[in-house]
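Visitor: any chance you could fold what I've pasted below:
(one chain, ligands or ions: 3)
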Amino acid sequence: MKRVLVATGGGDCPGLNAVIRGIVKRAAQEQDWEVIGSIQSFDGILREPTEIRVLDERAVAGIHVQGGTLIGTTNKGGPFAWPVKNSDGTWSAVDRSDEMIRKLQYLGVDAVISIGGDGSQEISQRLYEKGLNVIGVPKTIDNDLSATDFTFGFQTAVQIATDAVDKLVTTAASHNRVLILEVMGRNAGWIALHAAVAGGADVCLIPEIPYNLDKVLERLNGRFSKGKGFAIVVIAEGAKPVGGDITSEKSDEVGYANLRMGGVASKLMKDLKMAGFEADMRETVLGHLQRGGIPNAYDRVLATQFGVKAFEMVLEENFGTMVAYRHPDIISVPLIEAINRPNFVEPTCSLVVTAKGVGISFGD
Ligand SMILES: Nc1ncnc2c1ncn2[C@@H]1O[C@H](COP(=O)(O)OP(=O)(O)O)[C@@H](O)[C@H]1O
Ligand SMILES: O=P(O)(O)OC[C@H]1O[C@](O)(COP(=O)(O)O)[C@@H](O)[C@@H]1O
Ligand SMILES: [Mg+2]
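Guide: Ligands and ions are numbered 1, 2, ... in the order given. Predicted structure coming up:
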C-alpha cells in the first residue's frame, strides 16, 4: 500500500474541501493508494500523539460544497518555526523539519500534497529541498500567486465582496452617504479591484497604486456636486497613501509571523474628515466573511481540477512542483517559480484600464 499525506496550510479558503475530495476520488481509482490528512497543516505530524485522519471516499462524500477544511489549518508556527516556551515565559522558534521528515518516513508516507498560499508553498519548497516528495496546490482568496492564472477561493471572495457593495449602494443612496468597504488581500488589490468593477464603485484604492487624498476628495466631491449624493469606496486592506505606510500591526499571537492588517477604511474616513470632507461617511470591514461559507461553482470546479491533477502528479513522481491553471490547461510548475514571483495588480493592466474607463478613481 502506498500512502499520500494531504495538509492544508495558511488561512482557510472556500474550495479546500473540493481539492481534498478531488485527490481522494482520483486516488480511489488506483488499486494501492491510501490518502491520509494531517490535522491543522503539518502540526498533526509534529504533535504527540500524532493527529492524522484517513481520507477515504466515505470521508469526503459531498464535502466539495462545504467551506473551510475537513482537516483544519494554521497560519502560525510550522515545521521550520515551531514555537517553544522558554522557562522565562518567552517563546522561541525551533526547526523541527528533520524530525517531521523522519516521522513521515516512519508513517510510510510516499508523497505529500501541500495545499496553501505563498507562505505555505515556501514551507513546501524548503521540505522538498530536504528530500521530501512534495507537490503544492495554490490556495488563497488573495490571488497573489503568479504561477497560476487564478487560485481557488478568489472568485468566491470576489462574489462576497461584490454582494457587499450591492448592499451598501442602497443604504448609501438612501442616506446620501459615502460608504467605505474594506476588503482583504494583504498586499494585493485583486479582490478590491474586481469587486469595485463588478459593483460599480466610485473609488477603488489598492496597494499597488498608492493614493493621493486630494484626488479621492476630488472624486467624492464630484459625486455630491453632481447631485448623485452618495458614493461607494472599495479599499483593499493593504492600500496606502502616496509616501505613507500600510495600516497594520504586529501580532501578539505566538508563532504568527504575518502582520495583522486592517483599519485602513477607518483611517481613510478620518483623513477625509480632517481634509474637510463634509458628507456623512460610514465604514464596513468585511473581514473573514470573505473566507467563509460555501465555495461558488467556479471555485469548486477549479479546486476539483487541482485535486485530481495533484494526485496525478504524485503518480508521475513529479515532485517539487505546484499545480497551476494556465487557461485552458491545468499544468505543473516548479514550486520555486511559484514562490519567487508574487502576483500583484499591474497599475497599467487591462482591468485597471477598464475600471478607469467606467470612471472609477484610484486616487492617482
Ligand atoms: N503545512 C503547514 N504546516 C504548519 N504550518 C503551516 C503550514 N503552512 C503554513 N503554515 C503556517 O502558516 C504561515 C503562512 O501563513 P500565510 O502566509 O497566511 O499562508 P498562505 O500564504 O500559505 O496562505 C507559515 O509561515 C506557517 O507559520
Ligand atoms: O485569518 P487571519 O490570520 O486574520 O489572516 C488574515 C489574512 O488572511 C487572508 O484572508 C488570506 O491570506 P492567506 O491566503 O495568505 O492565508 C488575507 O487576505 C488576510 O490579510
Ligand atoms: Mg498568502
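Visitor: which ones are touching Phe80?
Guide: 93, 95-97, 123, 126 (CB atoms under 8 Å, 6 or more residues apart in numbering). The C-beta positions use only the backbone N, C-alpha and C, and glycine is treated the same way.
Visitor: ok and the residue in the stretch 151-300 of the chain nearest ligand 2?
Guide: Met184 (3.2 Å; CB to the nearest ligand atom).
Visitor: you'd agree that residue is up against Leu286?
Guide: Yes. With contacts counted by CB atoms under 8 Å, Met184 reaches Leu286, the gap being 7.2 Å.
Visitor: of the two, who's got more company?
Guide: The neighbour comparison of Met184 against Leu286 (other CB atoms under 10 Å) goes to Met184, with 27 against 22.
Visitor: where's the more buried one relative to ligand 1, distance?
Guide: Note on Met184: its distance to ligand 1, by CB to the nearest ligand atom, to the nearest Å, is 11 Å.
Visitor: before we move on, what about Ile235?
Guide: Separation of Ile235 from ligand 1 (CB to the nearest ligand atom): 21 Å.
Visitor: that residue - nearest residue in space that isn't next to it in sequence?
Guide: With sequence-adjacent residues excluded and distances taken as CB to CB, 6 or more residues apart in numbering, Ile235 is closest to Leu205, at 4.4 Å.
Visitor: give the contact list for that neighbour.
Guide: Counting by CB under 8 Å, 6+ apart, Leu205 touches 192, 211, 216, 233-236, 239, 268, 362-363.
Visitor: 7 Å instead?
Guide: Leu205 makes contact with 211, 233, 235-236, 239, 362-363, according to CB atoms under 7 Å, 6 or more residues apart in numbering.
Visitor: for these, which one is nearest Val197?
Guide: Taking CB to CB as the measure, Val197 lies nearest Phe362 of the contacts of Leu205, at 11.7 Å.
Visitor: so that closest one touches Ile209, yeah?
Guide: Yes. The criterion here is CB atoms under 7 Å, and Phe362 meets it with Ile209 at 4.6 Å.
Visitor: the two - which one has more neighbours?
Guide: A side-by-side neighbour count of Phe362 and Ile209, using other CB under 10 Å, places Phe362 first with 25 against 21.
Visitor: which ones are touching that one?
Guide: Phe362 neighbours (CB under 7 Å, 6+ apart): 204-206, 209, 211.
Visitor: so it versus Ala355, what's the distance?
Guide: Per CB to CB, to the nearest Å, Phe362 is found 7 Å from Ala355.
Visitor: which neighbours do these two share?
Guide: With CB under 7 Å, 6+ apart as the test, Phe362 and Ala355 both reach Cys204.
Visitor: just give the number of residues close to the residue lying closest to Leu127 once chain neighbours are set aside.
Guide: With sequence-adjacent residues excluded and distances taken as CB to CB, 6+ apart, Leu127 is closest to Val134, at 5.4 Å. Val134 is flanked by 26 other residues according to other CB under 10 Å.
Visitor: tell me, what's the model's pLDDT at Val134?
Guide: For Val134, the pLDDT comes out at 98.
Visitor: that one reaches Tyr128, doesn't it?
Guide: Yes. Assessed by CB under 7 Å, Val134 is found in contact with Tyr128 at 4.5 Å.
Visitor: hang on, the residue of the stretch 151-300 of the chain closest to ligand 2 packs against Glu237?
Guide: Yes. Counting by CB under 7 Å, Met184 touches Glu237, with 5.6 Å between them.
Visitor: quick one, phi psi at Met261?
Guide: For Met261, the backbone dihedrals (degrees, to the nearest 10) come out as phi -100, psi 170.
Visitor: how about the residues of the stretch 251-364 of the chain near ligand 1?
Guide: 257-258 (CB under 6 Å from any ligand atom).
Visitor: can you show me the helices along the stretch 251-364 of the chain?
Guide: Assigned by DSSP state H, counting those that start in this stretch, the helices in the stretch 251-364 of the chain fall at 264-274, 297-315, 335-340, 350-357.
Visitor: ok, the stretch 1-150 of the chain next?
Guide: 16-27, 43-46, 57-60, 97-106, 118-129.
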